[in-house]
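**Q** The sequence and its predicted three-dimensional model are supplied below.
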Amino acid sequence: MDTQDANLGDNSSGLLSHQNLFLRRDTWTTTGVILEENLRRLDFYARHIRSLELRNFKHKVSSHVYSTILRYRGHTELLPGLRKLTIQSIDGISMANRLIIPIISSSSLTAVSFSDISQITEVEVASLLHSLSEPKTPFLQDLTLSGHLSSLSLDLVKRFAKLTTLSVVFYSQGADTDILGTCSKMANLKTLSLKFILYRSPFIPPPPNTVYNLNSLTTLTIEAIPDHILRIVECVEVPNVDAITLTDLSDPQNLYDESSPDSLDTCVRRCAIMAPSLQVLEINAKRGTAMTWKTLLPLQNCVHLRRLEVCIKPFVDTNVAELYESGEWTSLETLKFTLVDYIHTCPCPTLFALNTVATHCLNLKTLKICIQIDHNMDLKSLQKHVQTVPRSCHNLETLEIYGTRDPLSVGYTDNATMTAGVVVSRYIDHLFPRLKVLTFRECCTDEWRKGVVDMVKAYQEMRVQHT
């Protein structure tokens, strides 16, 4: 029998349906007395379960089912092979059915997740966390807590000494960042994710001049409004972090979410300093909080950077040149610029920016960038580059170009449109001869886009035929 996932809830398909139980009115029950052979069948099925999810478990279970299991199997683990336990919502489980949670807990657990914790059910979650803590679950490495959280439950996190991954989502209640103090005492913690969905509730900042040393951490994710993100990154030391993701959760319509427009800029500068081994940086901003290209300049010192994804304000060719020509990002494999806060008249890089990127990011495999595709393209200079500069050996595989203008809506004749397509396709193929995926978004018609993509493929096929 293969390992299995199971669930209790949503009409209780899964674990209960394998035990000769049936619904009588609204109660799961049996047709007769539960015998040893029935329990052996339960044991056979239960020992193969690796993942169990509890959600919407409102159906009643006859008391003799639970009492029999407790009487004859209470001294042993019901699910001895269980690795992952997910409880979507304690509120979604009836009071009677909550009795099963301690029964199904197993010393083999490696991951536990509690979601939608309410102010009322937090004490129950805290009790379960206490019962699950060492030495009961010596292998637990991954813990997720989401909801109305306070020190009642958060203080128990430190009891899981072997924890390597911790994800905490704060809802509405004042979020106490002392969770960072707890994390600083966890020697094995590698991945930390913090999300603050506060809805006008207070954010409790770290005490002044407080520094939390998270020396074991390698991955840090923070989701909050920019001011709150900044307060966190300013008070942590993460010398071994190689991946950081920062996401702006502010609502432009909510006055309580207002942040300084420079907060994310400051966060990036802080990341470049506090994480010397940084390999992955992802910044998800919103309109009004996007960064300028100058914000990225400190990242030139991050020589190990492999992936960079940022939301950025409009920039031009000279900005691209200054950004890359001052430092060689030879390790960079993925670069994605998402342009925000622009209007159709905003300037953006031309196709020549692609040559700058290709020259200074030699190992790039994926590129997403805003490029000016319109009647102002310098087609003669593009043709001259193809004719006079040797073909690149760049290994870029995926190129996504997006923009703000449609070339067919700004005066192109049919012939001019076709000529532009030929020149652009030859130029792209000249820079990136090993391209596998080429995408244009919001910058041209479907017909023109398809024509350029098809021509790039045709150039590649012709080279193959002549080799």
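**A** Thanks, I have it. Numbers count the residues shown, from 1 in each chain.

**Q** The residue nearest to Q383 when sequence neighbours are not counted sits in which helix or strand?
**A** Closest residue to Q383 apart from its sequence neighbours, by Cβ to Cβ, 6 or more residues apart in numbering: V423 at 5.7 Å. Bear in mind the C-beta positions are built from the backbone N, C-alpha and C, glycine included. Applying DSSP states H and E as the criterion places V423 in helix 414-431.

**Q** And that helix, what does it pack against?
**A** The contact analysis (3 or more Cβ pairs under 8 Å, 6 or more residues apart in numbering; DSSP states H and E) places helix 414-431 against helix 352-360, helix 379-388, helix 446-465.

**Q** deepest of the ones you listed, which one?
**A** Using mean count of other Cβ atoms under 10 Å, the stretch among the helices and strands packed on helix 414-431 with the largest mean neighbour count is helix 352-360, at a mean of 20.

**Q** export that helix as PDB, just CAs?
**A** Below are the C-alpha coordinates for helix 352-360, written out as PDB (Å, rounded to 0.1, in the frame of the first residue of the first chain):
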ATOM      1  CA  PHE A 352      19.800  48.800 -27.000                       C
ATOM      2  CA  ALA A 353      19.400  48.200 -23.300                       C
ATOM      3  CA  LEU A 354      19.300  44.500 -24.100                       C
ATOM      4  CA  ASN A 355      22.800  44.700 -25.400                       C
ATOM      5  CA  THR A 356      24.000  46.400 -22.200                       C
ATOM      6  CA  VAL A 357      22.400  43.600 -20.100                       C
ATOM      7  CA  ALA A 358      23.800  40.900 -22.400                       C
ATOM      8  CA  THR A 359      27.300  42.400 -22.100                       C
ATOM      9  CA  HIS A 360      27.400  42.600 -18.300                       C
END
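
**Q** Now find how far off-centre it is within its chain.
**A** A distance of 29 Å separates the C-alpha centroid of helix 352-360 from that of its chain, computed with Cα atoms, centre = their mean, to the nearest Å.

**Q** Work out for me the element L367 sits within.
**A** Counting by DSSP H and E, L367 is found in strand 366-370.

**Q** which other residues reach that strand?
**A** Outside strand 366-370, the residues that touch it by Cβ atoms under 8 Å, 6 or more residues apart in numbering are 314, 333-339, 342, 348-349, 353-354, 357, 396-404.

**Q** Which strands border it, and is each parallel or antiparallel?
**A** Here strand 366-370 has these sheet partners by DSSP bridges: strand 334-339 (parallel), strand 398-402 (parallel).

**Q** would you list every one of the helices in the chain?
**A** 36-46, 63-73, 100-104, 122-132, 151-154, 179-184, 226-233, 263-274, 317-325, 352-360, 379-388, 414-431, 446-465 (DSSP state H).

**Q** Low-confidence regions, this protein specifically.
**A** By pLDDT under 70, the weakly predicted segments of the chain are 1-26, 74-75, 172-177, 199-203, 252-258, 287-289, 326-328, 340-346, 404-416, 467.

**Q** just to revisit the earlier point, any chance of the strands paired with strand 366-370 in CSV, plus distance to E223 and mean neighbour count?
**A** Shown next, in CSV, are those (distance: least, Cβ to Cβ, whole Å; neighbours: other Cβ atoms under 10 Å):
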stretch, distance to E223, mean neighbour count
strand 334-339, 17, 19
strand 398-402, 25, 20
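
**Q** Please tell me how far T356 sits from N213.
**A** 39 Å (Cβ to Cβ, to the nearest Å).

**Q** Please apply the same query to R98.
**A** Taken as Cβ to Cβ, the span from R98 to N213 is 39 Å.

**Q** that older thread, export the helices and strands packed on helix 414-431 as CSV, with columns for distance to C370.
**A** What follows is the helices and strands packed on helix 414-431, written out as CSV (distance: least, Cβ to Cβ, whole Å):
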stretch, distance to C370
helix 352-360, 9
helix 379-388, 18
helix 446-465, 15
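
**Q** Show me the one of those helices that comes nearest V65.
**A** Closest to V65 of those is helix 446-465 (Cβ to Cβ; 60.0 Å).

**Q** Check which helices and strands that closest one sits against.
**A** Using 3+ Cβ pairs under 8 Å, 6+ apart: helix 446-465 touches helix 414-431, strand 437-441.

**Q** Out of these, indicate the one that is most buried.
**A** Highest mean neighbour count of the helices and strands packed on helix 446-465: helix 414-431, a mean of 18 (counted as mean count of other Cβ under 10 Å).

**Q** quick one, it and strand 398-402 angle?
**A** Angle between the axes of helix 414-431 and strand 398-402 is 140 degrees (criterion: axes from the mean of the first three to the mean of the last three Cα atoms, to 10 degrees).

**Q** export helix 414-431 as CSV, just CAs?
**A** Output in CSV follows, covering the C-alpha atoms of helix 414-431 (Å, rounded to 0.1, in the frame of the first residue of the first chain):
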residue,chain,number,x,y,z
ASP,A,414,1.9,47.9,-43.2
ASN,A,415,5.4,47.9,-44.9
ALA,A,416,7.0,49.8,-42.0
THR,A,417,5.4,47.4,-39.5
MET,A,418,6.9,44.4,-41.4
THR,A,419,10.3,46.1,-41.7
ALA,A,420,10.3,46.8,-38.0
GLY,A,421,9.5,43.2,-37.2
VAL,A,422,12.3,41.9,-39.3
VAL,A,423,14.9,44.3,-37.8
VAL,A,424,13.8,43.6,-34.2
SER,A,425,13.7,39.9,-34.7
ARG,A,426,17.2,39.9,-36.2
TYR,A,427,18.6,42.1,-33.5
ILE,A,428,17.1,39.9,-30.7
ASP,A,429,18.4,36.7,-32.4
HIS,A,430,21.8,38.3,-32.8
LEU,A,431,22.0,39.1,-29.0
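
**Q** quick one: that helix to chain centroid distance?
**A** 37 Å.
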